[in-house]
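Q: this one's structure only:
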């Protein structure tokens, strides 16, 4: 019974969207970019002085959007995004403190719901994204107890194909405000969250050791409305 | 949503002797195997290297767990013998390549633990003949004394922990023995007298023990003579006033100093030679670690070590300044390694201050099998005091199959110097480095785990991986179980040694220097 009601609702929504007036249906393309902050979820086990913290990065995207209705659109992006995290230790190894910079290419596909006036309105994006890891770099300092030296590092991360997961997939959702200053132009700012469901470590060993990214972005963009 | 992101399995730390972690483990073969498998998974530092060599550690788990579970089957009449259990563990551990690796398993029903030494097994399989020869002929520190022919020793200095202690012991015994004899001779006429009989008997026993310690050649093995002397000096201490003698025990730190010996020689042509039992000079030469109580036996011994090292170092500096240093030989044959910091007092004493970058390294860094630190420069410490750098005169390291760990890292470093060379045979193949103190596990979280002879599992497992650009192409490689190949391969000529006493590897090193100076 419950399944039937869900199906009916989806069907009605689809018909409603597809039945939208051609006058309100329009394409837009645009670019956006901004800063992001990524959290790295990891079980540090008994390593009590191991600390993983979020770190800032950047993101840039080109997007296209088809608005079925004045309040409803479908948006797809191609986005380059950093998902960085900081690793540091406390106690006697406290000079170990470095950031792992990971660059991803990802494709969020989201439904956009708009509300408010014609010139200024808010919007909510909700959807999913798929991505892949492109490159990594580690920067910071490491204490080497063998040589009793603090080493400064700034080197590319070597991808380990047994361990490291290249693919990424998860939920994408955002909240923003758009301003339409002219007939064909709009600018927006948006806060968005990418919540990954795929562990960045493959199940490469008998012991499960999953680690996930959650990325909050703050971006601004401009779009051209055809 | 939480279930969409399952996190890691909860793991226990096997690093220290945690009674909750190890409780009851020694009763079950399956539990012990699982703990070992997990501890190795978390701590072993070259799993990627093992994978390249075809090892699937998960497959080991799936294949062997049922075998160990079968051993726990209560319907079995008997537990496996030590030999059977060793064979079972060896059947998968022997494929590992780390050159230091030692695993100890201690089951409750066994009187003593079993130990698996994969690197030893590998060496014996691949280079057993060479190993046995070096084991037999390089145990004596004075092998260089047998050098004959065209090369001659001009100067010789040596200190050896047990030897230093033995000299002291001989002085003590050579003094106490005549005192006892005189005392007994004086009491001889009245020895049946009840009032002196007991003392006479006691001094007689002291004399017998002293003579045994002094004259029994076989007791020198494992320093049994020194141990006997220490028993004597404690047991008969009360006789001191009677014999007008103060019994002084020998410091065990001297008897058992893992440095073993330090030998310095100067050959004709001002070629300075250094040989030492292990890389354990740091406790003696590092000022912050030196003994300060000048009245102790250990202090006297340490001063002797310092003096002998300076004989080598100062002579190099002197002849270099005069422009007639022939070259330097560092002999690491049958040297099992030791402190990284020792580098500064050995090869590093000839190099510029500020450290010598020999290659790259990484640390095991986390509980995941492939959790490694970023690559770091592998910088060995060099001598910080005033000294001239030996950049022109040849520096030769001599190695063999029993050159392990820091010996190998020194061998590699010498090979990379413009004026350096490695002579002898390929090293053992155990270049990774480790810290073994269980208390350090709470900060290192990897490497050696468990406590030897105490916990059901103990692993002598390195944490630091040395990686060298062996092909000079910018690729840093792990050399475990391979070792460092010499610049000049010179196998030890046993026949020549046995018939003439000549050490052909040392002679080859001297010839190399004479050709290149």
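A: Sure thing, it's come through. Bear in mind the structure is a predicted one, so any value in this text is a computation, not a measurement. Numbering: from 1, shown residues only, chains lettered A, B, ... in the order given.

Q: number of nearby residues for the residue of the stretch 351-500 of chain B found nearest chain A?
A: With CB to the nearest CB, the shortest gap between the stretch 351-500 of chain B and chain A falls at residue B:370, namely 4.2 Å. Where you see a C-beta, it was placed from the backbone N, CA and C, and this is true even at glycine. Neighbourhood size, residue B:370 [other CB atoms under 10 Å in any protein chain shown]: 18.

Q: can you tell me the helix or strand for it?
A: Element membership for residue B:370, per DSSP states H and E: none, as it lies in no helix or strand.

Q: from what I can see it touches residue A:163, true?
A: Yes: if you go by CB atoms under 8 Å, residue B:370 and residue A:163 touch, sitting 4.2 Å apart.

Q: I'd like to know how far residue A:199 sits from residue A:37.
A: Separation of residue A:199 from residue A:37 (CB to CB, to the nearest Å) stands at 20 Å.

Q: which residues are there in chain A that come within reach of chain B?
A: Residues of chain A lying near chain B by CB under 8 Å from any CB of the partner chain: A:41-43, A:45-47, A:49-50, A:91-93, A:98, A:138, A:142, A:144-149, A:151, A:153, A:155, A:157, A:160, A:162-163, A:196-197, A:199, A:201, A:204-212.

Q: if we go to 7 Å?
A: Within reach of chain B by CB under 7 Å from any CB of the partner chain, chain A has these residues: A:41, A:43, A:45-47, A:91-93, A:138, A:142, A:144, A:146-147, A:149, A:151, A:153, A:155, A:160, A:162-163, A:197, A:201, A:205-210, A:212.

Q: re earlier: which ones are touching the residue of the stretch 351-500 of chain B closest to chain A?
A: Going by CB atoms under 7 Å, 6 or more residues apart in numbering or on different chains, residue B:370 touches A:160, A:162, A:163, B:47, B:48.

Q: pretty sure the second one is in a strand, no?
A: No: using DSSP: H, G, I helix; E, B strand; the rest coil, the secondary structure at residue A:162 is coil, not a strand.

Q: Phi, psi for it please.
A: phi -70, psi -40 (degrees, to the nearest 10).

Q: what's the answer for the first one, then?
A: Note on residue A:160: backbone dihedrals following degrees, to the nearest 10 are phi -100, psi 110.

Q: where does the closest residue to it other than its chain neighbours land on pLDDT?
A: Leaving out its chain neighbours, the residue that sits closest to residue A:160 by CB to CB, 6 or more residues apart in numbering or on different chains is residue B:370, at 5.5 Å. On the pLDDT scale, residue B:370 is placed at 95.

Q: give me the residue from chain A nearest chain B.
A: residue A:43 (3.6 Å).

Q: For the contacts of residue B:370, which single residue is the most surrounded?
A: Going by other CB under 10 Å, residue B:47 tops these with 23 neighbours.

Q: now the residue nearest to that one when sequence neighbours are not counted: how far from residue A:146?
A: Leaving aside its sequence neighbours, residue B:47 sits nearest to residue B:369 (CB to CB, 6+ apart; 4.6 Å). In this view, residue B:369 and residue A:146 are 21 Å apart by CB to CB.

Q: all helices of chain A, in order?
A: Using DSSP state H, the helices of chain A run over residues A:2-18.

Q: Would you check that residue B:430 makes contact with residue B:100?
A: Yes: Residue B:430 is within contact range of residue B:100, at 4.8 Å (criterion: CB atoms under 7 Å).

Q: shaky segments in the stretch 1-150 of chain B?
A: Along the stretch 1-150 of chain B, the parts satisfying pLDDT under 70 run over B:1-3, B:138-150.

Q: Point out the residues in it that sit beside chain A.
A: So far as CB under 7 Å from any CB goes, the stretch 1-150 of chain B lies against chain A at B:4-9, B:11, B:13, B:38, B:41, B:51, B:58, B:61.

Q: Nearest residue to the middle of chain A?
A: residue A:194 (3.7 Å; CA atoms, centre = their mean).

Q: before we move on, back to that, nearest to residue B:190 among the residues of the stretch 1-150 of chain B next to chain A?
A: Nearest to residue B:190, judged by CB to CB, of these is residue B:13 at 69.3 Å.

Q: part of a helix, is the closest one?
A: No: Residue B:13 is assigned coil when assessed by three-state DSSP, not a helix.

Q: ok, how many other residues are close to the closest residue in space to it that isn't next to it in sequence?
A: Among residues not flanking residue B:13 along the chain, residue A:46 sits closest, at 4.3 Å (CB to CB, 6+ apart). Using other CB under 10 Å, residue A:46 has 18 other residues around it.

Q: wait, residue A:46 sits on residue B:15?
A: No: counting by CB under 7 Å, residue A:46 stays clear of residue B:15, with 8.2 Å between them.

Q: residues touching the nearest residue to residue A:31 once chain neighbours are set aside, list them.
A: Using CB to CB, 6+ apart and skipping residues adjacent in sequence, the residue nearest residue A:31 is residue A:62, 5.3 Å away. Residue A:62 makes contact with A:31, A:77, A:78, according to CB under 7 Å, 6+ apart.

Q: Turn those into CSV, including neighbour count and pLDDT.
A: Shown next, in CSV, are those (neighbours: other CB atoms under 10 Å in any protein chain shown; pLDDT from 0 to 100):
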residue, neighbour count, pLDDT
A:31, 15, 98
A:77, 25, 98
A:78, 13, 98
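
Q: Scan the helices and strands of chain A for the one with the lowest mean pLDDT.
A: Lowest mean confidence among the helices and strands of chain A (mean pLDDT, DSSP states H and E): helix A:2-18, at a mean of 47.

Q: Can you give me the distance of the residue of the stretch 351-500 of chain B closest to chain A to residue B:261?
A: 42 Å.

Q: swap in residue B:218?
A: The value you get for residue B:218 to residue B:261, if CB to CB is used, is 21 Å.

Q: same deal with residue A:197?
A: Distance from residue A:197 to residue B:261, by CB to CB: 63 Å.

Q: Same drill for these two, tell me which one is more crowded.
A: residue B:261 (21 against 13).

Q: give me the beta-bridge partners of that one?
A: residue B:160 (DSSP bridges).

Q: so it touches residue B:277, yeah?
A: Yes: in terms of CB under 7 Å, residue B:261 counts as a neighbour of residue B:277; the distance is 4.8 Å.

Q: Residue B:70 in helix, strand or coil?
A: helix.

Q: can you count the residues close to it?
A: A count of nearby residues for residue B:70, using other CB under 10 Å, gives 11.

Q: end-to-end on stretch B:64-77?
A: End-to-end distance for stretch B:64-77: 21 Å, by CA to CA, to the nearest Å.

Q: May I see the buried residues of that stretch?
A: Buried residues in stretch B:64-77, counting neighbours by 16 or more other CB atoms under 10 Å in any protein chain shown, are found at B:64, B:65, B:68, B:71.

Q: quick revisit: pick out whichever of residue B:369 and residue A:146 has more residues nearby.
A: Neighbours were counted for residue B:369 and for residue A:146 using other CB under 10 Å; residue B:369 has more, 25 against 19.

Q: residue contacts, that one?
A: A:205, B:41, B:47, B:57.

Q: what's the burial count for the residue of the stretch 101-250 of chain B found nearest chain A?
A: Residue nearest to chain A within the stretch 101-250 of chain B (CB to the nearest CB): residue B:101, separated by 18.0 Å. Residue B:101 has 27 neighbours, counted by other CB under 10 Å.

Q: From residue A:118, how far off is it?
A: 73 Å.

Q: what does residue A:149 give?
A: 63 Å.
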